[in-house]
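Visitor: Could you look at this predicted model? Sequence included:
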Amino acid sequence: MIYLLFGYFAIVSIVAGVCTIALRNPVHCGLSLLVLLLHVAGLFVLLNAEFLFAVQIIVYAGAILVLYLFVLMLLNLKSEEQYLHRTYPYVIFAGVAILGELLIVILQTPYGGAKGEATPEVVLTVGQSHAVGITMFSDYLLLFEIVGVFLLGAIIGAVVLAKTPKPTDQPKTDLPI
Amino acid sequence: MTVPLWYYLVLSGLIFLIGLVGVLVRRNIIIILLSIELMLNATNINFVAFSSYLGNLAGQVFVFFALTVAAAEVAVGLAIIIALYRHRSSINVDEFRLLKW
């Protein structure tokens, strides 16, 4: 059963990813990215990460993708005739080659390593969000604060960059007579 | 009964490569940003898979931070795109060659 769910989520996310980079209309690309994000959220549920499942749907699908679609509709682009670079066959060839290397490395590596204390049984007894929250606000508190400052900087940067520039030409009364 | 770890690694490698090819192939800057989102999501899958298999919650905390970084990147990137579009009325990467030599 779990293999079936994994296969469904994996296949749909790969197909949606290919559609994201292959479709011509940018709005369709954004909507296929939405499909991918929702199915990756499903994968998070299979991995016992309910908190990230919720965050993925709220932040990625709810906020980031809406921002993309908003900008796409603001710019009101027409679909171009030639939307790929001329060199795209070479890039796809290189991608397939890198995929082969990656498969070799992944399949040859033994995955051992020390197990931590947060096994699925422990996490499911205290609740996953609770466990993640305790970790985030004890060991990674400084990182959390830094991320807050970082987000503030990003917001200010976005507002400054996207602001409408003031018209530079002076009103007529200032012209020398 | 759980899915073996390498299934997740292969899936995330595939999604990362799709994003990489998208960055190199497309000419529309917004789609390039979308492909970067694909790559970030692939790393998130890896983080969560290892976190779940090794029993260490630090991976999930890092995914949370990666998400905030992605949100910041989108906000600033889209603002830059709007500013670019205002100046050049195009978001085609082939037409921006001011910094090339």
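Guide: The structure has been received and is ready for your questions.
Visitor: ok, residue A:59 touching residue B:67?
Guide: Yes: Residue A:59 is in contact with residue B:67 according to Cβ atoms under 8 Å; the separation is 5.4 Å. The C-beta positions use only the backbone N, C-alpha and C, and glycine is treated the same way.
Visitor: Look at these two and report which has more neighbours.
Guide: Of the pair residue A:59 and residue B:67, residue B:67 is the one with more neighbours under other Cβ atoms under 10 Å in any protein chain shown, namely 22 against 18.
Visitor: separation between the nearest residue to residue B:47 once chain neighbours are set aside and residue A:152?
Guide: Distance criterion Cβ to Cβ, 6 or more residues apart in numbering or on different chains; nearest residue to residue B:47, sequence neighbours excluded, is residue B:59 at 4.4 Å. According to Cβ to Cβ, to the nearest Å, residue B:59 stands 26 Å off from residue A:152.
Visitor: of the two, who's got more company?
Guide: residue B:59 (23 against 11).
Visitor: Does that one touch residue B:48 like I think?
Guide: Yes: Residue B:59 is within contact range of residue B:48, at 6.2 Å (criterion: Cβ under 8 Å).
Visitor: Quick one: the helices in the chain, in order.
Guide: Chain wasn't specified; assuming chain A. Ranges of helices within chain A are A:2-22, A:26-46, A:50-55, A:65-75, A:88-108, A:120-126, A:128-138, A:141-162, based on DSSP state H.
Visitor: Chain B, not that one
Guide: Under DSSP H, chain B gives helices at B:5-25, B:29-54, B:58-88.
Visitor: okay if I get these as JSON lines plus mean pLDDT and distance to residue A:31?
Guide: Shown next, in JSON lines, are those (pLDDT from 0 to 100; distance: least, Cβ to Cβ, whole Å):
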{"stretch": "helix B:5-25", "mean pLDDT": "92", "distance to residue A:31": "15"}
{"stretch": "helix B:29-54", "mean pLDDT": "91", "distance to residue A:31": "11"}
{"stretch": "helix B:58-88", "mean pLDDT": "89", "distance to residue A:31": "16"}
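Visitor: So is stretch B:72-87 next to chain A?
Guide: Yes: judged by Cβ under 8 Å from any Cβ of the partner chain, stretch B:72-87 comes into contact with chain A at B:72-76, B:78-83, B:85-86.
Visitor: Show the buried residues in those residues.
Guide: Buried by 16 or more other Cβ atoms under 10 Å in any protein chain shown: B:72-76, B:78-83, B:85, out of these.
Visitor: By mean pLDDT, flag the weakest helix or strand of chain A.
Guide: Of all helical and strand segments in chain A, the minimum by mean pLDDT, DSSP states H and E falls on helix A:120-126, at a mean of 76.
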